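**Q** sequence first, predicted coordinates after that:
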Amino acid sequence: MTSTPRRIGVVGSGVAGLTAAYVASRTAHVTLFEADDRLGGHADTHVVDSPDGELRIDTGFIVHNRRTYPTLLRLFAELGIATQPSEMSLSVSDQGSGVEYAGALGATGLFPTRSSLRSADHWRMLAAIPRFHRRARAVLSAGGHVGDDYDVDADQTLREFLADGGFSDHFVRHFMEPLVAAVWSCDPETSLDYPARYLFTFLEHHGMLGVFGSPQWRTVTGGSGTYVAAVAAELQSVRTGTKVTSVRELSDRVEVTDGNGEVHAFDAVVVATHPSHALTMLESPTTEQAEVLGALPYSANTALLHTDTSLLPHATNARSSWNFQRPATPTGQVTVTYDLTRLQRLPTDTHYLVTLGGEDLVDPASVIDRMEYEHPLYTPASVAAQRRLPSIDTDRVAFAGAYHGWGFHEDGARSGLAAATRLGLTWPASTPSAAARVEPGIFRTTIRHTRRTPFERSFEHSSHLWLVDLDDLPDHGAVARFEARDHLGRPDTTIRANVEEFLALHDVELDGGRIVMAANPRSLGYCFNPISVFWCFDASGAPAATVVEVHNTYGDRHAYLVHPDEQGRARTDKAMYVSPFHGVDGHYELAVPIPDDRLAVAVTLHTADGRPFSATVTGERESGVEARGWRTAGAALRSSALIRAHGIWLWARRLPVRPRPAHHQEGVR
């Protein structure tokens, strides 16, 4: 086919089919076929009437993040889909041995009971986790070579890798198997058959090969059904309840026959179903298509939406977003229970849960709905077949599905885009939003303070400043970590939640839009940011507001909300005692342009006496240093020491000290 297709058929309305259909609809007429009576596949939102009001609860696709879901996020951005932070944690319960703990919930999660504190096996397992991370990263960085006498074969399974590494049965049973089984919704025993290197690539990609550094996970506000409906509204023809029985490729067209016997002719077709279904509907599959599609197995899962909390850990401190539970007997069923109330931050005290496995363990009276899902299984043979997938596409028929990747929503979206591209369709690039143009990084800065009255005095020094996305905060442990206690709001929540709460007090709603912060992290137990700047964007990526947070050396802080002009300039009345040589009178002239490869922040104090003081921070982006948090470890301490030294110099020259009024942190405490 030499011309761009104008009539496109898409079979299957999971995320792969929806993305392919959306991309194709930009330049062609699209007909979407779905055998089910609803669109979305694993994007499955249930509307539940509760005493707290109507709840929209997801039971398939639930979370994503801004680090590893670029295709999905582009789709969300174009459709105006709002998202919100989620809470990700995983608990493990073994009813036979009594083991119970949770990750990502702090020390109380790791040691939820006294018996866990006393367990030597538990301590040894926790100590082995960093060793596993190092060994797995070595496989990726050294092309499989881990030590002088150990190399990882491309087809080596996770089971073989763990045995070669000398990891204990306790580690395998209570850490490794639950992690893989929970993430891929598979049987624990099957999880050990995953190809080791393939698994480690996924874990590294998602920030899971380290104790720190995981991305901030998010969920679609109002449920994933909102994006499904938005895509459907963009399409010219949507046929739900219409099963496709045959796809026949001819020299000048593709014929699609539905369950009613009706034949539809298209220039090209995207088949976005599970591989076994795709193979069944191909009228004349090639030998390679039959080999590849037939070598990609799936596992079926029954999922129950319910409110039976007996599927959660006994120890309250171990209850998590994801809960893996192993039964007391070998013949019992392993369950994985997702707490949607936590994951979606539902406005209710009731725990709405989805459990895979153990259907007979859930109180029938608590069941709201029953679903059937399927997930890809990964073995050395299926991964080998997966590598051949690009070769089975033709000029008129392309295949898509999450099985082209790791089986997650981004994999499906990316494969849908790739299928559309393979058929000669393009996704016209939109002008990047202001939010999309801001890239996190570390800036090497120059800080300058200038006093003009009653005499001139200035000092200047070099430093570093981080620019970070509040949904994907870097975490280098004690060396560099961003914590809520160092900024406005409550210390027991997240920085983003506090900023959003502060914005809401001023009637600014971001609807899940991005927040980028310029500040230094807490390092070696110390944090001081004279100025932190938060650039806040709405769901479309347009600037919504800027928050300038000022800290003084007394431990006070105050946040100013401003709406800068196109040059980043704004004005706000002064409201906090910052220096012992200034009162709280006057106003600030601010310059806070959205940063690119250059960062520039300026503050000038205006009083009845003129412009007595100004401060600037300017800098250039450094490359290749974000992972080395130690480079900035002394920045906050040095800035604090120099500010104090400057104050002592002024005091020694008898500059009058102004009385310090009491200051209460604004808005959110």
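**A** Great, that's in hand. It should be emphasised that the depicted structure is a prediction, and the values quoted were computed from it without experimental measurement.
**Q** can you give me the helices in the stretch 451-600 of the chain?
**A** Taking DSSP state H, counting those that start in this stretch as the test, the helices found in the stretch 451-600 of the chain are 495-505.
**Q** residue ranges with poor pLDDT in it?
**A** 454-455, 579-583 (pLDDT under 70).
**Q** contacting residues for the spatially closest residue to Ala402 that is not a sequence neighbour?
**A** Sequence neighbours aside, Gly412 is the residue nearest to Ala402 in space, at 3.8 Å (criterion: Cβ to Cβ, 6 or more residues apart in numbering). Backbone N, C-alpha and C define where each C-beta goes, glycine included. Applying Cβ atoms under 8 Å, 6 or more residues apart in numbering, we find Gly412 in contact with 14-16, 19, 41, 272, 400-402, 404-405.
**Q** change it to 6 Å
**A** Gly412 makes contact with 14-16, 402, according to Cβ atoms under 6 Å, 6 or more residues apart in numbering.
**Q** with Ser185 instead?
**A** Ser185 sits next to 301, 356, 375 when contact means Cβ under 6 Å, 6+ apart.
**Q** redo these as CSV? Include pLDDT, secondary structure and neighbour count.
**A** Listed next are the contacts of Ser185 as CSV, based on pLDDT from 0 to 100; DSSP: H, G, I helix; E, B strand; the rest coil; neighbours: other Cβ atoms under 10 Å:
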residue, pLDDT, secondary structure, neighbour count
Asn301, 92, strand, 17
Leu356, 96, strand, 22
His375, 94, strand, 20
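**Q** and which of those is nearest Val254?
**A** Lowest distance from Val254 to those (Cβ to Cβ) belongs to His375, with 28.8 Å.
**Q** out of the contacts of Gly412, who's nearest His206?
**A** Ala402 (14.8 Å).
**Q** look at that closest one and report its pLDDT.
**A** Note on Ala402: pLDDT of 98.
**Q** gap between it and His42?
**A** Look at Ala402 and His42: by Cβ to Cβ, to the nearest Å, they are 8 Å apart.
**Q** helix or strand: which one has the closest residue to Val603 other than its chain neighbours?
**A** Distances taken as Cβ to Cβ, 6+ apart put Ala615 closest to Val603, at 5.1 Å, once the chain neighbours are dropped. Assessed by DSSP states H and E, Ala615 sits inside strand 610-622.
**Q** hang on, the earlier thing: check which helix or strand covers the residue nearest to Ala402.
**A** helix 409-422.
**Q** low pLDDT regions in the stretch 101-250 of the chain?
**A** Confidence mapping of the stretch 101-250 of the chain against pLDDT under 70 gives the ranges 142-154.
**Q** what about the helices in the stretch 101-250 of the chain?
**A** Counting by DSSP H, counting those that start in this stretch, the helices of the stretch 101-250 of the chain are 107-110, 114-118, 120-141, 158-164, 169-171, 177-184, 188-191, 196-205, 225-234.
**Q** closest one to Lys574 among these?
**A** Closest to Lys574 of the helices of the stretch 101-250 of the chain is helix 107-110 (Cβ to Cβ; 41.6 Å).
**Q** okay, the closest one in PDB with CA atoms only?
**A** Below are the C-alpha coordinates for helix 107-110, written out as PDB (Å, rounded to 0.1, in the frame of the first residue of the first chain):
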ATOM      1  CA  ALA A 107       9.300   1.100  59.900                       C
ATOM      2  CA  THR A 108       5.800   0.300  61.300                       C
ATOM      3  CA  GLY A 109       5.000  -1.500  58.000                       C
ATOM      4  CA  LEU A 110       8.200  -3.500  57.900                       C
END
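**Q** that one: which residues count as buried?
**A** Neighbour-count burial for helix 107-110, counted by 16 or more other Cβ atoms under 10 Å, picks out 109-110.
**Q** the residue nearest to Val603 against Ala602, yeah?
**A** No: using Cβ atoms under 6 Å, Ala615 is not in contact with Ala602; the gap is 7.3 Å.
**Q** domain map for the chain?
**A** Per automatic domain parsing, the domain ranges recorded for the chain read 7-84+224-298+377-422, 90-217+300-376, 441-652.
**Q** how long is the second one end to end?
**A** In this case it means domain 90-217+300-376. 21 Å (Cα to Cα, to the nearest Å).
**Q** now do Gly416 against Phe212, distance only.
**A** 33 Å.
**Q** please read the previous query as pertaining to Gly412.
**A** For Gly412 relative to Phe212 (Cβ to Cβ), the value is 29 Å.
**Q** which of the residues in stretch 341-356 are buried?
**A** Buried positions in stretch 341-356, judged by neighbour count with 16+ other Cβ under 10 Å: 341-344, 346, 351-356.
**Q** can you list the neighbours in contact with it?
**A** Here stretch 341-356 makes contact (Cβ under 6 Å, 6+ apart) with 50, 52, 55, 57, 59, 62, 86-87, 185, 219, 301, 303-307, 309, 311, 321, 335-340, 362.
**Q** Asp573 contacts Tyr588, correct?
**A** No: using Cβ under 6 Å as the test, Asp573 is too far from Tyr588 to be in contact (7.8 Å).
**Q** tell me which of these two has more neighbours.
**A** More neighbours surround Tyr588 than the other of Asp573 and Tyr588, with 22 against 10 (other Cβ atoms under 10 Å).
**Q** may I have the beta-bridge partners of Val92?
**A** Per DSSP bridges, the residues bridged to Val92 are Tyr101, Phe324.
**Q** hang on, I meant Ala398
**A** Val270.
**Q** ok, it - contacts?
**A** Applying Cβ under 6 Å, 6+ apart to Ala398 gives the contacts 270, 419, 422-423.
**Q** separation between it and Tyr560?
**A** From Ala398 across to Tyr560, the span is 53 Å (Cβ to Cβ).
**Q** list the contacts for the residue lying closest to Leu282 once chain neighbours are set aside?
**A** Leaving aside its sequence neighbours, Leu282 sits nearest to Val247 (Cβ to Cβ, 6+ apart; 5.6 Å). Counting by Cβ under 6 Å, 6+ apart, Val247 touches 256, 281-282.
**Q** among the residues you listed, which one has the most neighbours?
**A** That'd be Val256 among the contacts of Val247, by other Cβ under 10 Å, with 24 neighbours.
**Q** give the pairing partners of the helix or strand hosting that residue; include direction for each.
**A** In this assignment (DSSP H and E), Val256 forms part of strand 254-258. Strand 254-258 pairs in its sheet with strand 244-249 (antiparallel), strand 263-266 (antiparallel), by DSSP bridges.
**Q** pLDDT of the last one, averaged?
**A** Along strand 263-266, the predicted confidence averages to a pLDDT of 98.
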